[in-house]
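> sequence-free structure coming up:
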């Protein structure tokens, strides 16, 4: 409790843009987010009043950071579960807890647990050799033959599945731990590629390449009390494994499928005992939905909620970890699109000049810049546009992001 | 310019809730507001990363504070105009400038200037004696007789004008400098009251008591380039001289009168050379509108814009002082109501407990708490509700504010 205000103190481990935007939400609730940041120049450290410098792998630093916090939570999923469990054992309210967050850290355990729960997942298997991977590809091929259908490939897929080394290829290999934004994910075309990856010694699972129509995300928040709030299901558009656009609500998604996705996210949140936000990244196929990834924190697929929903995901996460009742999740406009701003090539106009031009070109675009050094491909901000018509809203958001990224 | 981000630095003099909410807006623009705060516990100082402790009357402190700022602006209107002029002469971009802000500091000069401009103002006069005030009351009475109409009183007015000491009474006396939130304004019923006030030595103007139907506010922002953006005209509801509710848009206001109010605010902004926000507080009478007060900063009548307009007044103020193009001002919902939360009587539930209850009762209410110590009558936060129907939206906002204020 902050004795100056009589209001709670939440500590967030990690000083990235998620902590930065959570601080903005904390300010409205009368709070000031406490941030554990690696450096004083991290995104959130530039704007928050209560910043401690330290590393998320340092238990002593975490312990010190937790003192006086009413709840501790995370900007990322890289805090060792052992540290989380140790702090919880010492009485720290730390959310999501070790038993939950492990499923966002460890893809193998996530797949195992979701399979147990009967949640829809791709065919998958833990592997430790190229032969395992080849066996898995053969299994996928057999299953597809059995299913009797022609192999479908995703819309923009470059390779026709099954053309290289057999009907089960390519397969998707994932590092069990540590991947994000497309890193730690490999599309393996054949046995040679599998051998090369296995030789790196990375602990892996493999998954079938799902014949997806598009990607969706279902975002829910759950409090320790067990209350859950579900946001409208969104479509996420990825490029090179990085989310570039989010469309809310997912255009043309049937109400039945939207409800199924929300129910799935709610069931997973309850089953895993998640406290705070849970983002369930989904593949939509002809047949339905399957779970791709889980994230247990404010998520890129929820940035649109800052203006586009009655309660932003950042406030919702704070409400959840503080066990406040959840906020309303309804849309603030019929169509909301968020487009990420990635760092562009150096040179040309400065970011400030680009911002001038964007504001002149589209006075209604909502800009969020993260205060980060511009590096090619790095997420340095996002833009949100609200309106009545998804097509025009999307065009505006994409154009706005391109302005900030490339200067024209 | 912040070399870490390549984005501008705005300094705001004063650490109150306006600076606090401006910081939230700055964060979205990739910035971090620099705050000159009287104490480390001021509302904005609790949440901003870049806080300097100092007083707005200390020129040396202001000079030091300005170093490295791309623009300087204010959380209040109490910085001496001489200091503002001195800094401007030294090359500091400081907005609004001394020539403009003086009209928000000095009610006599404001009335003189608006009269010159032909803007609608109440009958008024500078006074230095009780006899001056009595003369003014007689003049008001004569004007009313000449106008031939029966004397109108405002809706909730207790006294029939003219019953006490003559038809011109009561008159409104205002301190030329330093009043706010109802302080520095006196309703004088008769000569005896006038004598008592004059004896305090306060420099005064007097104004006729306008037969108002209600109060309105027109909020505009103007950039150094001269671009102006006008928000929808709102109704402001006052109690004991303090704004308690703001209804956006002003219910039942004719388009003609709304446009007249916006045009008036734009004309005043241009004529006075205002840079940043200008709030024109208005009385609406049967016949039209008259100017009550001017404020040149984010204003209580614009807090609804955080969720209720595409661009919040806080971002708009930053855009204006940085000479960015202005943002869109349109409403985000058909009906938006902001209700202030005033400090209630001590005892009973804590503020945190009240917040729990409010969130349970109304998951859609948007809460803004300022991190201030609760003192009776002090503005400690506000609540905003958006919806389709003004009556129900207003009822929800008022109820939410009452929850936070009184605990039930």
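Nice, I can see it. As the structure is a computational prediction, the values presented were derived from the model and not from experiment.
> pLDDT value on the nearest residue to residue A:406 once chain neighbours are set aside, please?
Spatial nearest neighbour of residue A:406, excluding adjacent residues (Cβ to Cβ, 6 or more residues apart in numbering or on different chains): residue A:344 at 4.9 Å. C-beta coordinates here come from the backbone N, C-alpha and C atoms, glycine included. Per-residue pLDDT puts residue A:344 at 80.
> could you point out which residue ranges in the stretch 301-408 of chain A have low pLDDT?
A:408 (pLDDT under 70).
> show me which residues of it sit near chain B.
Proximity of the stretch 301-408 of chain A to chain B, by Cβ under 8 Å from any Cβ of the partner chain, involves residues A:307, A:310-311, A:319, A:324-328, A:330, A:332-333, A:350-352, A:355-356, A:359-360, A:363-364, A:366-374, A:381, A:386.
> among these, name the ones in helices.
Counting by DSSP state H, those place A:307, A:319, A:351-352, A:355-356, A:359-360 in helices.
> adding neighbour count and distance to residue A:240, write those residues out as JSON lines.
Listed next are these as JSON lines, based on neighbours: other Cβ atoms under 10 Å in any protein chain shown; distance: Cβ to Cβ, whole Å:
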{"residue": "A:307", "neighbour count": "20", "distance to residue A:240": "27"}
{"residue": "A:319", "neighbour count": "25", "distance to residue A:240": "34"}
{"residue": "A:351", "neighbour count": "21", "distance to residue A:240": "22"}
{"residue": "A:352", "neighbour count": "18", "distance to residue A:240": "27"}
{"residue": "A:355", "neighbour count": "24", "distance to residue A:240": "25"}
{"residue": "A:356", "neighbour count": "17", "distance to residue A:240": "29"}
{"residue": "A:359", "neighbour count": "23", "distance to residue A:240": "29"}
{"residue": "A:360", "neighbour count": "13", "distance to residue A:240": "30"}
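> now, the most widely separated pair of those residues?
Among those, the pair separated by the greatest distance (Cβ to Cβ) is A:319 and A:360, at 37.1 Å.
> and the residue nearest to residue A:406, how many neighbours?
21 (other Cβ atoms under 10 Å in any protein chain shown).
> residues contacting the residue positioned nearest the centre of chain A?
The C-alpha lying nearest the average C-alpha coordinate of chain A belongs to residue A:299 (Cα atoms, centre = their mean; 4.1 Å). By Cβ atoms under 8 Å, 6 or more residues apart in numbering or on different chains, the contact set of residue A:299 is A:217, A:219, A:277, A:279, A:313.
> for the residue in the stretch 1-150 of chain A that chain B sits nearest to, which non-adjacent residue is spatially closest?
Residue nearest to chain B within the stretch 1-150 of chain A: residue A:30 (2.9 Å; Cβ to the nearest Cβ). Closest residue in space to residue A:30, ignoring its immediate chain neighbours: residue B:369 at 2.9 Å, by Cβ to Cβ, 6+ apart.
> didn't the one you found look like it was pressed against residue A:7?
Yes. Using Cβ atoms under 8 Å, residue B:369 is in contact with residue A:7, at 6.9 Å.
> so what sits against both of those two?
Shared contacts of residue B:369 and residue A:7 (Cβ under 8 Å, 6+ apart): A:29-30, B:351, B:355.
> quick one on the thing from earlier: the residue nearest to residue A:30: neighbouring residues, count only.
Residue B:369 has 25 neighbours, counted by other Cβ under 10 Å.
> show me the helices in the stretch 1-150 of chain A, by range?
A:17-28, A:59-66, A:81-89, A:98-105, A:107-117, A:130-147 (DSSP state H, counting those that start in this stretch).
> so what's the closest residue to residue A:356 other than its chain neighbours up against?
Nearest non-adjacent residue to residue A:356, counting by Cβ to Cβ, 6+ apart: residue B:324, 5.9 Å away. If you count contacts by Cβ under 8 Å, 6+ apart, residue B:324 has them with A:355-356, A:359, B:223, B:318.
> may I ask which two of the residues you listed are separated the most?
Applying Cβ to Cβ across the contacts of residue B:324, the maximum distance is between A:355 and B:223, 14.0 Å.
> still on that earlier bit, what is the nearest of the ones in helices among the residues of the stretch 301-408 of chain A next to chain B to residue B:91?
Nearest to residue B:91 among these: residue A:352, at 19.6 Å, using Cβ to Cβ.
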